[in-house]
Every structure is written in C-alpha cells, then in structure tokens.
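> Next comes the sequence, and after it the predicted model I'd like to discuss.
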Amino acid sequence: MNKPKILIVFTICFLVIACNQHKVEGLNSKLFLNERYKKNNLKFKLNYLDSLFEISNKIPNDTVCRHFLFDLSSEYYYLNQFSKSSEVSKINIQLSSIAKDTFSLARAYSHLGDTYEFSQKDSAYYYHQQSEKLYRLLNNKDRIGIELVKKAYILFYEGNYLESEIQVSNALLYLKKGHDLEMLFTSYTLLGCNFEKLEEYDDALKYHLQAKRVLNDLYTSNSTIQTQLQNSVSVSVNLSNVYEKKHQYNKSILELQTVLKLGLKEKWLQGYVTTIGNLGYSKMKTGDVKWAVKYINEALSIAIKNDFKDKMVYQYKNLGEYYSIKKDTLLSTSYLKQALALAEKLKMGEETKKSLQLLSQIDHENAAVYDKRYISITDSLAKAQRISRNKYARIEYETAAVEEENKVLSTKINYILFGALLIIFALVLVLIYRYIQNQKREIEFRIAQQKAEEEIFELLKEYQLKLSITKELEQNRISKELHDGVMNKLYGARMQLGIWNESDTKEAKEKRLIYVDLLQEIEREIRSISHDLRNEIVDNQLDFMSLLYNMIQLQNEIGATVFVFETPSEIDWDTIDSVLKINLFRIVQECLLNATKHANAKECKVTITIVDNNLILQIQDDGIGFDMLATKPGIGLTNMQERAKTIKAQLTIRSTPHEGTFILMKVKIRSL
C-alpha cells in the first residue's frame, strides 16, 4: 500500500476515535503495534502520536486514560522525542495527583526521569528518587529495585562508581526475591561494570558471570530474540573487557568468538562492530597481528560507513596502538590523534585519557604537552566526579531533609487532626446527648399529651354521667309533677264531671264549664312539661358535635366576634377515630382563640364537611390578618401544625394584612 492510502487509513482512524471518545478502551499500546504504523516514516508517526495526544486530553481522567498516556510517553521516548515524552509524563503526574493514584504517580515520575537521562542527569536522578520514595510507601519491592538500578546507571555514567555500586547492591536485595529476570540481569551487569571501573577485576568477573547465568534463564522467558542477542553480546563484551584487564586475552578471544557464531553481522551491526573490534584488540595482544588488523579495520570501516562515532574512537585508538607495536610512529600518531579529537568532541573522558597516554608514549617530542593535557583532564574529571558526587549526595540529603521536615509536619498535622477529631467527637457526643434529651422530651410530651387526651375523655365520661344523673332527676321531677299535679287534677276533674254529668241544671252546666276550663289548663300544663322535656332531651344529647357547638357558643358569649358553625347533620362522629376528633377539636379551639384575641374579627365562619372520605375543615375570618413572611410562627400556629402532623393532615394557612385569615385542613378519615 502506498503512503497516501496509509495516510487516509490513519485519518479515518483518527476520526473514528474522535467521534467515539467515550470508547476510551480504544486508546492503548496496540495503536503503536500496527504494522502500517511501524513501517511508516518518523514524521508520519509523530503526527499520528500528536493526534492521539490531543484526543487523550478530551477523555476523562480515569485509569484507562492514564495507562494510555504511559504508552504514549514510552512511544515518544522510543522515537527519541524526549521533550514530547517529558510533556506527556508531566501531564500524567498532574492527573495522577488529582486522582490520588499513588502507583500511577510513581510510575509517571519514573517515566519523566527517563526523559532526562540524556540531557539533565541530576533532574533524572531526582525524579527517579521521587518515584522510589512513592514505591516505598506502596511497599512495591520490584519497582523499588528498578528505580535503584536507574539511579545507579546515572551515577555510573557520571563516574560515581562507588555510589553506583551501593545503589545497585541495594537494588539486588529487592530484585533477587522477584521474578524480573531482565532487571536482575541488568543489575549484575551494572555491578560488574562498576567493579571493573574500580579495578576490582575478580569481583567484576564474578558478577558478569552471574549475569551470564541469569541470561540462560532469560532465553526461556518471553524476551524477544533481538533482546536475547543484545544481552548475549553485552555479557561477552563485558567479560572480554575484564579478561583484557587481567591480561587473559585467550579467554577474551574465546568469549567473543561464541557470539560471532550467532550471525551477529546480519542481526545487530553495532554489536558486531564492538565484538570484532574487541576481538581484534585481543588478537593484537596475543601477537596474532594478521587477524588483529583485519578485525579492527573491518570494525572501523563499518563504523565510519554507519556513523557509529563512539565505535570509531575505539578503533582509531586500537589502530594507533597496533601501529605503535609495528613501530610505525607516523601512522600510530595519526590514528591516535583522530581518536583523541573525536573522543574530546564526544566528551568521552576515559578514551581521551587513554589516547593522550598512548600519544605521550609514542610522540616523544610532544610527550610533555600530552602529559600536561592528561594531568589536566584527569584533574578535571576528578573535579567533575567530585562535583557530581556532591551533587547527587546533596540531592539525597535534601530529599532526606525534606522527608524529615515532612515527618515533623506530618506529626504536627496528626496532632492537629487528633485534636480536631477529639473536638468533633465531643461535638458528636453533645449532639447525641441533645438528641437523646430531645427524644426524651418528645416522649414525655407525647405521654403528657396522651394523659391529657385520656383526661379529656375522663371528663367527658364524667360529664356524661352527670348529665345522665341530671336527666334522671329531671325525669323524676316531671314524673312527680305529672303524678302529683296533673294526674290529681285530671282525676278530680273527671270525678266532678261525672257527678255533674247526671244533672242538666243551669248550675250543673256552669260547673261543667269550670271543669272544662280546668281540663284546658291541664292540657297547657302537659304541653309545657312535654316541651320542657323535649328541650332537655335535645340539649342533653352528649356527642362530639355538642362539644363543638358548646365551645363555639362559649366563644360567642365571651368575645365580640360572631362565630358561625356549619356542618352536615349526617356526619356520624361516633365512627371517627377519637385521636382525629381530639386534634380537630384543639385546632378549631386554637383558631377561635386567635380570631378573638389577635384578629379582631367581626365574623368568623367554621365549616366542617366530608368529601370522598376526607374530612375538610375551613375557617375564614374577616380580621386584620398578618404578613406570613415577616411574622415568626407563634406557639399557637406551631401547635396547630404539630397536631396536623400527628394525624397526617394537610394544613394550609393563608393570610394577608387587612384581608383576614383562611385556614384549610384536609385529613383522611380513620374509622374506628
């Protein structure tokens, strides 16, 4: 497929991702494993990564988002776009801090440290140390070991071999217990290199051989063939270097020849150049000059052709040394000067010193100049190493100081938090106590209310008893009046009319007329007694309606307000729950008192109706009213609301200044 078509495919990919940002599971490292992506040029890859970076800024800050940013940062890093990788890592640090994701924060610091390893090693060291500190908080031993190794590498390349050895030794305490064979191999290799630089060759050899043993386990792991090959070359070259320092050149040759059998030239050209260069040097030391110059020249030719500048330094130096053995001072000096110039340009301190040392031994006329430069560079390197050592020691110290300050601050914060918790605990206790007291008072109030209601019913029963007694006495009185008065008069009139009925004289007629009048008087007396008896019976009917009527009548008698009460006669109050009736009675009573005492109403109308099994109370007065927003509810209104709440009634109060007050209560009837 040609490039325009590839561009179209990835453009469509971008559009799909952009239109489906909620499907963030599509953002992962698989986007970088696509064969079309891998086969494209750097410019296209960067445009692609930049587009993904823009998309990632629009998705939520969740685990998927942060994991993708790690993948993106790594991909920029592998493409040597360290500034972009750094930018992504810094954003990931912010997102991880916001999410309080300590593991992601530690990982982001590690990624950021990686981006600075080639430009600002002190910054790289600082960020790896921050990462290590967070992993220690998480007790993630494998990750602690990895960060210690990364710090050790920085110290190694800064020439702080002793400090590097300490860091990697500490790392091995964690990594030995884990299963990360790659990091274990790296640690043994780095430890061997440190001992080599410290000229402790036996220990160096010991750890390089240990790395080789771990490498055998790595071959059975999931590492790629290319990684295995590179690791094999690394081990052999490192062992070769130590054998050379110990003057065991034959062992060096055997070690290097083993990796050449792996088809190294076709699989990894840089590793091949290093291997044959070292092999040529060892051959030269054993006197096999024919093969020595062949290998060294081949290594130099490939290095020049592929611009492997550091490899060129080594081969120029090797050729300089080779021609010094051949007593060809001119060629030897020429190659060594080329090695010196390139080493100085690349800031390869050790190779600069070696080139100067060899030039001093060969070019006798300028030996003093070379020695002076050698001493100067040695002093400069020693000073730089001392400054570097102090710098990293200072980073360690300052970090430790900050941690100590944080501990002190943390202790103070803990004391403050403890004090705050005590205060909060005390407040909670007070609130619980007050709540219990309020509950207790409410229970007491309900008990008192229940007693009051029981008292009311007792009073009603007592009142009913008294009414019954009074009714009985009144009946006895009427019975006595009928018996002693009316009956005697009727008996006397009947007897007299019987006597005078036999005679038809004028006197008899007059007498009969007298007794007829007496009968009329008796009739009136009976009618009067009957009327009184009927009124007593009506007036003395004891029910809830009577209580309401009596209360309203009493209010009519004691105040200037005229109260009108309307309610259908068919309401059967005996079937309605007594709690509802008591609270209804108290609410009406409170409303009537308010109308009399506060409203200065001329008229107040009270209506009780039943609609769809709902009892509806309406009270309307024409009093002065009040502003409901400006006026704080008094005890009366509060009691009404509490009573309405008790019977689960809807209570509405509407009032406007100078326009009276309207009260509406609606409650579901609960029958007995």
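Done, it's in. Keep in mind that what you see is a predicted model, and the values were worked out from it rather than measured.

> for Leu617, what are its contacts?
By Cβ atoms under 8 Å, 6 or more residues apart in numbering, the contact set of Leu617 is 584, 587-588, 606-608, 663-666. The way it works is simple: take the backbone N, C-alpha and C, and place the C-beta from them, glycine included.

> Which of the residues in the helix or strand hosting it are classified as buried?
Here Leu617 sits within strand 614-621, counting by DSSP states H and E. Across strand 614-621, burial judged by 16 or more other Cβ atoms under 10 Å covers 615, 617-621.

> Using TSV, lay out those residues together with distance to Ser332 and pLDDT.
Output for these, formatted as TSV (distance: Cβ to Cβ, whole Å; pLDDT from 0 to 100):
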residue	distance to Ser332	pLDDT
Leu615	122	92
Leu617	122	94
Gln618	123	94
Ile619	123	93
Gln620	124	92
Asp621	125	91
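
> what's the farthest-apart pair in the residues you listed?
Leu615 and Asp621 (20.5 Å; Cβ to Cβ).

> So Thr561 sits against Ala601, correct?
Yes - checked against Cβ atoms under 8 Å, the pair Thr561 and Ala601 is within contact range at 4.9 Å.

> overlap in contacts of the two?
Common contact partners of Thr561 and Ala601 (Cβ under 8 Å, 6+ apart): 595, 621.

> check contacts around the spatially most central residue of the chain.
Centroid check for the chain by Cα atoms, centre = their mean gives Ala99 as the closest residue, at 7.2 Å. Contacts for Ala99 (Cβ under 8 Å, 6+ apart) come out as 61-62, 66.

> and the residues you listed, which are buried?
By neighbour count, with 16+ other Cβ under 10 Å, the contacts of Ala99 hold Arg66 as buried.

> so what's Thr567 up against?
545, 548, 607-609.

> wait, I meant Ile93
Ile93 makes contact with 105, 108-109, 112, according to Cβ under 8 Å, 6+ apart.

> quick one: the strands in this structure?
Applying DSSP state E to the chain gives strands spanning 562-566, 603-611, 614-621, 650-655, 661-668.

> Any idea which of those strands gets closest to Ile253?
Closest to Ile253 of these is strand 650-655 (Cβ to Cβ; 104.1 Å).

> and the closest one, average pLDDT?
The predicted model gives strand 650-655 an average pLDDT of 90.

> how big is the angle separating it from strand 614-621?
10 degrees (axes from the mean of the first three to the mean of the last three Cα atoms, to 10 degrees).

> Please spell out which residues along strand 650-655 are buried.
Using 16+ other Cβ under 10 Å as the test for burial, strand 650-655 gives 651, 653, 655.

> can you check stretch 585-593 too?
Neighbour-count burial for stretch 585-593 flags 585-592 (criterion: 16+ other Cβ under 10 Å).

> quick one: the helices in the stretch 251-400 of the chain?
264-267, 269-286, 289-306, 309-325, 329-345, 349-362, 367-480 (DSSP state H, counting those that start in this stretch).

> Check which helices and strands the fifth one sits against.
Okay, so that is helix 329-345. helix 309-325, helix 349-362 (3 or more Cβ pairs under 8 Å, 6 or more residues apart in numbering; DSSP states H and E).

> Contacts made by the shortest one with the rest, please.
Read it as helix 349-362. Contact with helix 349-362 is made by 159, 313-314, 317, 320-321, 324, 329, 332-333, 336-337, 339-340, 343-344, 366-367, 370-371, 373-374, 377-378, 381, as judged by Cβ under 8 Å, 6+ apart.

> Need the buried ones from those residues selected in ChimeraX.
Those of the contacts of helix 349-362 that count as buried under 16+ other Cβ under 10 Å are selected in ChimeraX with:
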select :159,313,314,317,320,321,324,332,333,336,339,340,343,344,370,373,374,377,381
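
> For the residue of the chain positioned farthest from its centre, give me the backbone phi and psi.
Within the chain, Thr505 marks the point farthest from the mean C-alpha position, 124.2 Å out by Cα atoms, centre = their mean. The phi/psi pair for Thr505 (degrees, to the nearest 10) reads phi -80, psi 170.

> With Asn80 instead?
The phi/psi pair for Asn80 (degrees, to the nearest 10) is phi 60, psi 20.

> swap in Thr561?
When quoted as degrees, to the nearest 10, the phi and psi of Thr561 stand at phi -80, psi 140.

> quick one: it and Ser655, what's the gap?
16 Å (Cβ to Cβ, to the nearest Å).

> quick one: low-confidence parts of the stretch 451-600 of the chain?
Within the stretch 451-600 of the chain, the ranges that satisfy pLDDT under 70 run 451-468, 470-471, 475, 479-489, 491-502, 509, 515, 529-543.

> mind listing the helices for it?
Using DSSP H, counting those that start in this stretch, helices in the stretch 451-600 of the chain cover 488-500, 506-539, 544-558, 578-597.

> Which strands or helices does the third one pack on?
This means helix 544-558. Judged by 3+ Cβ pairs under 8 Å, 6+ apart, the packing partners of helix 544-558 are strand 562-566, helix 578-597.

> repeat that with 6 Å
Here helix 544-558 touches strand 562-566, going by 3 or more Cβ pairs under 6 Å, 6 or more residues apart in numbering; DSSP states H and E.

> Report the angle between the strand it packs on and strand 614-621.
Using the same axes, to 10 degrees, one finds that strand 562-566 and strand 614-621 are set 160 degrees apart in direction.

> For strand 562-566, what is the distance to the chain centroid?
Strand 562-566 sits 64 Å away from the centroid of its parent chain (Cα atoms, centre = their mean, to the nearest Å).

> what is the orientation angle of that strand with helix 578-597?
Counting by the same axes, to 10 degrees, strand 562-566 points 150 degrees away from the direction of helix 578-597.

> Would you mark the buried spots in strand 562-566?
563, 565.

> Between helix 544-558 and that strand, find me the angle.
Interaxial angle of strand 562-566 relative to helix 544-558 (the same axes, to 10 degrees): 170 degrees.

> Other residues contacting strand 562-566?
For strand 562-566, contacts defined as Cβ atoms under 6 Å, 6 or more residues apart in numbering pick out 552, 555-556, 603-607.

> Redo those residues as a markdown table? Include distance to Ser86 and neighbour count.
Shown next, in a markdown table, are the contacts of strand 562-566 (distance: Cβ to Cβ, whole Å; neighbours: other Cβ atoms under 10 Å):
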| residue | distance to Ser86 | neighbour count |
| --- | --- | --- |
| Ile552 | 89 | 18 |
| Gln555 | 88 | 21 |
| Asn556 | 92 | 17 |
| Glu603 | 87 | 14 |
| Cys604 | 84 | 27 |
| Lys605 | 84 | 15 |
| Val606 | 84 | 23 |
| Thr607 | 82 | 14 |
